[in-house]
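Visitor: I need the structure of the sequence given here:
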Amino acid sequence: MEIENCTLADFHQILGNLAQFWGSERTLSLHHPMFLREFGDTAYVIREDGDAIAYLLGFLSQTEPVGYVHLVGVRASHRRKGLAGRLYAHFADVASGRGCTELKAITTPDNVGSIAFHESIGMMPVGDTGSAVTLNYAGPGQDRVVMRKRLDAPPRL
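Guide: Predicted coordinates for the structure are as follows:
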């Protein structure tokens, strides 16, 4: 299973099977075609038998040397096989090769699975005043956990 650039056909397949990746369609509004049309060289997919089984939608920040991961999804039937970690590592290599010094991802404070995953790949929360949470990050009352990792940091074992 190779990591390849995500195509528009992959994207449409992912949208048609969103509940298999996320348990529901709650993330539908976060899946915008701009990630393929404008940032397609940093959108990746892993396929099995022609079906998208894991994907990462990311881009390189225009304001700091950071590779930002917007979404990473793995079909429930293919979890716990290291696919999300492989996608992150691939994206990190691309981002580093283009001059980025950090990775960044954002999640909600109640998404303990996402926080645990990001910590397991060496990302750490960088919240307000010693807290893991950044208050009002996404607008008034919309707190987020901002995860960061230096790209030159040693891998976490």
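
Visitor: who's in contact with the biggest helix by length in the chain?
Guide: The residue-count maximum for a helix in the chain (DSSP state H) belongs to helix 83-97. Helix 83-97 is contacted by residues 1, 3, 42, 44, 46, 53-56, 58, 60, 66-67, 69, 72, 74, 103, 117, 120-121, 151 when judged by C-beta atoms under 8 Å, 6 or more residues apart in numbering. Where C-beta positions appear, they are placed from N, C-alpha and C, glycine not excepted.

Visitor: so G73 sits in a strand?
Guide: Yes. Judged by DSSP: H, G, I helix; E, B strand; the rest coil, G73 forms part of a strand.

Visitor: that one against F21, yeah?
Guide: Yes. With contact defined as C-beta atoms under 8 Å, G73 reaches F21; the gap is 3.9 Å.

Visitor: what touches both of the two?
Guide: Joint contacts of G73 and F21 (C-beta under 8 Å, 6+ apart) are 14, 55.

Visitor: tell me the mean pLDDT over the longest helix of the chain?
Guide: For helix 83-97, the mean per-residue pLDDT is 96.

Visitor: mind listing what's buried in it?
Guide: The neighbour-count check on helix 83-97 (16 or more other C-beta atoms under 10 Å) flags 83-84, 86-88, 90-92, 94-96 as buried.
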